[in-house]
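1. task: produce atomic coordinates for the following.
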Amino acid sequence: MSNNLCILCRGAKYLCGRAYCPVFTKLRVTQKVFNASTQLFGSSPPAVFVGRTGYPQVFAGPLAPNDVGNTEAYDFPELWSSRSLDEVLDMRLSLFLGRRVVDARSVEDRYVQELQLLVLPLKPVDVEVRFAKRPIGFSFSEYEPPMGPRAPMESFRVVSMPPPARAVEKLYSDADAKAGVAVIELYSSGVPVSHIQKLLSVGALGRKRSRRLVPTRWAITAVDDTISRHLIEEKVKWFNSISEVQVFVRQIHKNLFISILLPGEWGFEWMEAWFPRSTWNPFGESVAIEGDHELFRPRDEYASIGGCYYAARLATVEYLVRISRKAMAIVLREIYPGFDIPIGVWFVREQLRALYSQQPYKVSSIEEALKIVDKFSALGSRIWAEKSRLLKLLKRVRKIDEFLKRD
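-> Below is the predicted model:
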């Protein structure tokens, strides 16, 4: 990259080919660390983080900026789909993480109960944090959104908080409702998915004797899986099929998302193509393609491709519930050079939710759908068709049908 490129661009044109400005990101982190203090008074969005290393002995603590007011957007992925990555990074790297080691089974611990109080409201909560030393560093993850400086905590308390939503308060107090039932009830009551994930993570849901702290990345996938599984089994499988092929396309932040919905029984396939110099293929010379699928019913084994599978499935199922139809869904993602930082599975869920809010192309055959894929895909429909298990299955079924018709 030319040394003069940054001078010409100045963070406005993304001339380096990245989906964000690496200079701004470095400056943000440097500034946050430089201005960090051992004391913080701010409005948590609300937000918490529970680690997984060493489970059941884990790091857990609040996230808050050194700012008071309406910080809701700092930890509300449902608001991020159309924001620039620079905006998201600016918000996320402003969140300071206070950490303390706790036993995941000790939900009666006073500190854990304070964390639970923090996330009961849907609106920001004022908190006071005293760090053992000045916070430093930052964190990027394929599961959780980015986080800013962190440090061990000496003390933490909730200073003031708005009242929780009625559904949240009810299920927090319910000692008999199983966690899965609570997740579905909260979702049905309109509580955002990202907030349900926080409640599960801090052990605020489930039967009293079974409540545990759940590492944030596990809670994210558990909620996506629980809700989408319920919607498939209780609704989608019983709907009539769509009558024509629907193709959705969304291009954003060096990513391409394509969803092909085909008439028939429920099926789902999620595939990702990581181009060289993208996040998980930084030194590769060819495109790396991975995927997983299910047919007729939600899969029992954890998807090898990770949490994005369940985030994509939830967004897809929500659309089918909205139109009261079932379909076989083949969802593709191409990640191009320049998208080279992990920012969490929220990105897939929210970009696909945005994708399904658009009008689809409607065609009468798979062949026509693949022609649409060719208009947008850098990889091409031929390669996608070769890698797709469900497209291969449909091709075999069609050949059998044609053979039977000839007989």
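2. relative to residue 310, how far out is the most centrally placed residue in the chain?
-> In the chain, the residue lying closest to the centroid (C-alpha atoms, centre = their mean) is residue 346, at 2.0 Å. Distance of residue 346 to residue 310, computed by C-beta to C-beta, to the nearest Å: 12 Å. Every residue, glycine included, has its C-beta placed from N, CA and C.
3. just the pLDDT at residue 212, thanks.
-> With respect to pLDDT, residue 212 scores 96.
4. count the residues that sit near the nearest residue in space to the residue nearest to the centre of the chain that is not next to it in sequence.
-> For residue 346, ignoring the flanking residues on the chain, the nearest one in space by C-beta to C-beta, 6 or more residues apart in numbering is residue 77 at 3.6 Å. Other residues lying near residue 77 total 23 when counted by other C-beta atoms under 10 Å.
5. strands along this structure, start to end?
-> 39-44, 48-50, 57-64, 96-103, 125-131, 150-160, 245-252, 255-262, 267-274, 288-295, 328-335, 361-363 (DSSP state E).
6. could those strands be laid out in a markdown table, adding distance to residue 140?
-> Formatted as a markdown table, those follow (distance: least, C-beta to C-beta, whole Å):
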| stretch | distance to residue 140 |
| --- | --- |
| strand 39-44 | 21 |
| strand 48-50 | 13 |
| strand 57-64 | 15 |
| strand 96-103 | 13 |
| strand 125-131 | 21 |
| strand 150-160 | 13 |
| strand 245-252 | 19 |
| strand 255-262 | 16 |
| strand 267-274 | 16 |
| strand 288-295 | 19 |
| strand 328-335 | 15 |
| strand 361-363 | 35 |
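7. roughly how far apart are the closest residue to residue 380 other than its chain neighbours and residue 144?
-> Counting by C-beta to C-beta, 6+ apart, residue 380 lies nearest to residue 374, which is 6.1 Å off, once chain neighbours are set aside. Computed as C-beta to C-beta, the residue 374 to residue 144 distance reads 35 Å.
8. next one: residue 72
-> From residue 72 to residue 144 the distance is 18 Å (C-beta to C-beta).
9. pick out whichever of the two has more residues nearby.
-> residue 144 (24 against 14).
10. the more buried one contacts residue 347, doesn't it?
-> No. Residue 144 is not in contact with residue 347 according to C-beta atoms under 8 Å; the separation is 11.3 Å.
11. all helices of the stretch 51-200 of the chain, in order?
-> 85-92, 110-119, 166-173, 179-188, 193-201 (DSSP state H, counting those that start in this stretch).
12. between the ones you listed, which one is nearest to residue 298?
-> Of all these, helix 179-188 sits nearest to residue 298, with 13.0 Å by C-beta to C-beta.
13. now that closest one: average pLDDT?
-> 98.
14. try stretch 69-85
-> Here the average pLDDT along stretch 69-85 is 95.
15. for it, buried residues please.
-> Neighbour counts over stretch 69-85 (16 or more other C-beta atoms under 10 Å) mark 71, 73-77, 79-81, 85 as buried.
16. contacts for it next, please.
-> 19-20, 42-47, 63-65, 87-88, 91-92, 94-95, 123-124, 145, 192-194, 253, 343-344, 346, 349-351, 353-354 (C-beta atoms under 8 Å, 6 or more residues apart in numbering).
17. quick check: domain ranges of this structure?
-> Domain segmentation of the chain under automatic domain parsing yields 18-160, 168-236, 239-406.
18. so the residue nearest to the centre of the chain sits against residue 143, correct?
-> No. In this structure, residue 346 is not within contact of residue 143 by C-beta under 8 Å, at 9.2 Å.
19. which residues do those two both contact?
-> Shared contacts of residue 346 and residue 143, counting by C-beta under 8 Å, 6+ apart, come down to residue 220.
20. so where's this structure uncertain?
-> Scanning the chain for pLDDT under 70 picks out the ranges 1-15, 23-24, 29, 32-34, 398-407.
21. on that earlier part again, in TSV: the strands of the chain, plus mean neighbour count and distance to residue 175.
-> Formatted as TSV, the strands of the chain follow (neighbours: other C-beta atoms under 10 Å; distance: least, C-beta to C-beta, whole Å):
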stretch	mean neighbour count	distance to residue 175
strand 39-44	20	27
strand 48-50	26	22
strand 57-64	24	22
strand 96-103	20	20
strand 125-131	20	24
strand 150-160	16	22
strand 245-252	20	43
strand 255-262	23	41
strand 267-274	23	35
strand 288-295	18	34
strand 328-335	25	38
strand 361-363	16	50
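22. and of the ones you listed, who's closest to residue 174?
-> The nearest among the strands of the chain, by C-beta to C-beta, is strand 48-50 at 20.7 Å.
23. so what secondary structure elements neighbour that closest one?
-> strand 57-64, helix 110-119, helix 193-201, helix 216-234 (3 or more C-beta pairs under 8 Å, 6 or more residues apart in numbering; DSSP states H and E).
24. now render these as CSV, adding distance to residue 155.
-> Putting those into CSV (distance: least, C-beta to C-beta, whole Å) gives the following:
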stretch, distance to residue 155
strand 57-64, 11
helix 110-119, 10
helix 193-201, 21
helix 216-234, 22
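25. need phi/psi at residue 266.
-> Here is the backbone geometry of residue 266 (degrees, to the nearest 10): phi -60, psi 130.
26. I'd say it and residue 299 touch.
-> No. Contact criterion C-beta under 8 Å: residue 266 and residue 299 do not qualify, at 11.7 Å.
27. so what's residue 320 up against?
-> 236, 239, 261, 326-327, 329.
28. go with 10 Å
-> Residues in contact with residue 320 (C-beta atoms under 10 Å, 6 or more residues apart in numbering) are 231-232, 235-236, 239, 242, 261, 266, 326-327, 329, 356.
29. touching, the residue nearest to residue 380 and residue 247? I think so.
-> No. The pair residue 374 and residue 247 does not pass the contact test of C-beta atoms under 10 Å, sitting 11.3 Å apart.
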